[in-house]
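[1] I need the structure of the sequence given here:
(chains A, B, C and D)
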4 protein chains.
Amino acid sequence: MATRTILVTGFEPFGGERVNPSALAAQALEGRLVEGRRVVAVVLPCVFGAAIEALERAVSATDPELVLCVGQAGGRGALSLERVAINVDDAPISDNAGARPIDRPIAPGGPAAYFSTLPIKAMAAAIRAGGLPAEVSQTAGTFVCNHVFYGLMRALAARPGTRGGFVHVPLLPEQAARSGGAPSLSLERIVRGLELALATALGPDVVAGRDLAATEGATA
Amino acid sequence: MATRTILVTGFEPFGGERVNPSALAAQALEGRLVEGRRVVAVVLPCVFGAAIEALERAVSATDPELVLCVGQAGGRGALSLERVAINVDDAPISDNAGARPIDRPIAPGGPAAYFSTLPIKAMAAAIRAGGLPAEVSQTAGTFVCNHVFYGLMRALAARPGTRGGFVHVPLLPEQAARSGGAPSLSLERIVRGLELALATALGPDVVAGRDLAATEGATA
Amino acid sequence: MATRTILVTGFEPFGGERVNPSALAAQALEGRLVEGRRVVAVVLPCVFGAAIEALERAVSATDPELVLCVGQAGGRGALSLERVAINVDDAPISDNAGARPIDRPIAPGGPAAYFSTLPIKAMAAAIRAGGLPAEVSQTAGTFVCNHVFYGLMRALAARPGTRGGFVHVPLLPEQAARSGGAPSLSLERIVRGLELALATALGPDVVAGRDLAATEGATA
Amino acid sequence: MATRTILVTGFEPFGGERVNPSALAAQALEGRLVEGRRVVAVVLPCVFGAAIEALERAVSATDPELVLCVGQAGGRGALSLERVAINVDDAPISDNAGARPIDRPIAPGGPAAYFSTLPIKAMAAAIRAGGLPAEVSQTAGTFVCNHVFYGLMRALAARPGTRGGFVHVPLLPEQAARSGGAPSLSLERIVRGLELALATALGPDVVAGRDLAATEGATA
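    Residues are numbered from 1 along each chain as shown, chains lettered A, B, ... in the order given. Below you'll find the predicted structure:
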């Protein structure tokens, strides 16, 4: 029987940065075996529209059991497991093709939102048990990260056998070195955290659709 | 012809506070005329389930043209116009009846989210033009505020003639006085900001369903 | 017997702002009687050197019993009672005359720092008891505010009968309206907080040199 | 000619933590050669009074050319080069012996403050050039870290040939894993950053008493 695939995506650099930890982490995971599945890594353009198209091509080409999209979140200090993707693009900065949509639906007529189908509480707990900072996040923003997360969940809605979700990761220390005092996390730790997250999502303890009963909500 | 109604709701105090600015602001608006409509104020319990039931009763009783639910957001310094309500309760603290649900759908089988049907960009701009701080927020949390916001939009989905949304307001200065350094806003300014927001949502410049084309998004 | 004087100073606007709450608050207090003393208000230029010269002239002219210098602190949500002024100018932005000194002593050969001679803990407690947010701050920065605070305490070191200190105040709501989400406090509340602070510093309960035994320190 | 010594101190864990990155980093540097000087590491108790006594004994025993005291700063994401130590203990939490002094002078009759005698701007620039986050800090707080920093500079005031200062370091990732979302930095990076800082302070480019002319101040 063929080895099943995990698709992990990152983004090319944006917003004036020279690197993007999400792409470096995805590439570092390329080819690794996690719970018997093999990771395929793809770097997406930081461009509205084109990013989802590239993601959909990768999903079709790899027929993955699980998809984890990863993006950079300057200002956050922990691996952020995103709970929900919303159906709107509202860009505070331009994407890498110069586009800056305002309040535009990602999928006109599509659902207002999709929830992650990954066990985000169990994944956060596993990352922390591995000695790395993790949190559940209630918003993935309204830029290309949320755009791709929404596009992913919409694509997977038509593929019942594939689960997926999104994780935001901190800046690398060398990026933080250029922006006084911002939190950061090393590439090796980001990679290790993603690996723990993937192993948890695929592990025998997680029945698909069930998650750890742990509160990680917010009052506002 | 009868004067149409604006329903404004606030919450009773929660989380150890003795007051809740949202209830005080709603009560201050009670009876006021805004763009020819009369405000009816209702204070909701800070209790999962019961809060939505009380809201639904108030909507039925008042048959409003517009509903604005208001809640307290400790830590925020501006009137926060919420963009989206999500279909989950994940309580970081207990509600006023002692309940603390984890990852429970508000409406099992309901949509993952509802967007506000108010012109949140135009409302934010109007509040600022009035000299008061305002922002668009991408998350209303996962506690009773988001719960009521979701319940509101679900109820209004069956009432095409009624628009609605949610605004989070800062602590009052006297609340901030008991929690070192937290941002605050005076009750009179919160009331004034809500009034500006309501006037904008009902004003001749806002065609229903259209909003100001201004970016207020977030990268993450 | 002549009424004694309280000197309250504010600053002219800086950093692109059109107003400065510290100047407006000082002017609002002009002429008021606090614990039997009369307030004299002076607005200082936001200029290294010239600000201290103007302050020294005002001290000589008014022979005050107490001096309270006030400055604007964007990003802070509470009245900040400053503990200590340090002997260095290190300007992150240009002053209103275009100067931007780096690591320059305010008084070459002078002490490294001066502590406020006002009862900052009792003043913070009194402001809070009045329902307004207050905090003790361990740094007044390294710009013109710290510069004036240091110049004040150096001048008062030669006037044993005069006590003095510095308070940072939040932005006004109308300033925060132009900088998304920043904390603010209304002018009337800033004025009321300063009045409570002055009354406490001059009140019968405060023996000169003694303060409330309340912890308001920081681990780092 | 004997190899000269660099004294690097860290602290034992405090505030409920099981480790303290400052102690681990000091111990990791023990015995290393930096610019021809040898590092001696000492772990200080997190106890008012006893910490300074242990530091003074270490200074006497090692006769160092340079002393760098290191402490943990939860909430900070960068290596923080402290500018100034102030003559006050005001403890927001108890030290490891249960003491919680309020507004007590560290050295009665001593100077209000001492400035670091290390080139903090050049050190920050060197850490950043090495791809690690660094910042200059205007306050070391009022707990045991500031206490030791003040005690150090007071001791060195009597030893003209020895320079010294203080650096705050972030939590380790495994500490941040237990406190949702706090910024962190790995031990190897903290150690590397301290090494870069020490090499800069001892390097041929730094004339004693001169520092890089770079602004790292704060408005408030």
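[2] and the helices in chain A, which stretches?
    Listed in chain order, the helices of chain A (DSSP state H) span A:21-29, A:50-62, A:120-129, A:144-157, A:173-176, A:187-202.
[3] stretch A:19-38 - what's its average pLDDT?
    Stretch A:19-38 shows a mean pLDDT of 98.
[4] same thing with stretch A:201-216?
    On average, stretch A:201-216 scores 80.
[5] what sits up against it?
    With contacts defined as Cβ atoms under 8 Å, 6 or more residues apart in numbering or on different chains, stretch A:201-216 is touched by A:6, A:34-37, A:65-66, A:68, A:117-125, A:135-136, A:163, A:165, A:200, B:90-92, B:100, B:102-103. The C-beta positions use only the backbone N, C-alpha and C, and glycine is treated the same way.
[6] quick one: end-to-end distance for it.
    Terminal residues of stretch A:201-216 are spaced 17 Å apart (Cα to Cα, to the nearest Å).
[7] with mean neighbour count as new columns, can the helices of chain A be given to me in CSV?
    Converted to CSV, the helices of chain A look like this (neighbours: other Cβ atoms under 10 Å in any protein chain shown):
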stretch, mean neighbour count
helix A:21-29, 23
helix A:50-62, 17
helix A:120-129, 23
helix A:144-157, 25
helix A:173-176, 23
helix A:187-202, 22
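[8] got CSV for the ones you listed, with distance to B:V84 too?
    Listed next are the helices of chain A as CSV, based on distance: least, Cβ to Cβ, whole Å:
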stretch, distance to B:V84
helix A:21-29, 24
helix A:50-62, 20
helix A:120-129, 18
helix A:144-157, 11
helix A:173-176, 30
helix A:187-202, 25
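[9] what's the closest of the ones you listed to B:I52?
    When the helices of chain A are compared by Cβ to Cβ, helix A:120-129 sits nearest B:I52, at 24.6 Å.
[10] other SSEs contacting the closest one?
    strand A:79-82, strand A:134-137, helix A:187-202 (3 or more Cβ pairs under 8 Å, 6 or more residues apart in numbering or on different chains; DSSP states H and E).
[11] what's the angle from that helix to helix A:187-202?
    140 degrees (axes from the mean of the first three to the mean of the last three Cα atoms, to 10 degrees).
[12] dump helix A:120-129 to PDB, keeping only the CA atoms.
    Extracted C-alpha coordinates of helix A:120-129, given in PDB (Å, rounded to 0.1, in the frame of the first residue of the first chain):
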ATOM      1  CA  ILE A 120      -6.300  22.400  17.500                       C
ATOM      2  CA  LYS A 121      -6.500  22.000  21.300                       C
ATOM      3  CA  ALA A 122      -4.700  18.600  21.200                       C
ATOM      4  CA  MET A 123      -2.100  20.100  18.800                       C
ATOM      5  CA  ALA A 124      -1.500  23.100  21.100                       C
ATOM      6  CA  ALA A 125      -1.200  20.800  24.100                       C
ATOM      7  CA  ALA A 126       1.300  18.500  22.300                       C
ATOM      8  CA  ILE A 127       3.500  21.500  21.200                       C
ATOM      9  CA  ARG A 128       3.500  22.800  24.800                       C
ATOM     10  CA  ALA A 129       4.300  19.300  26.100                       C
END
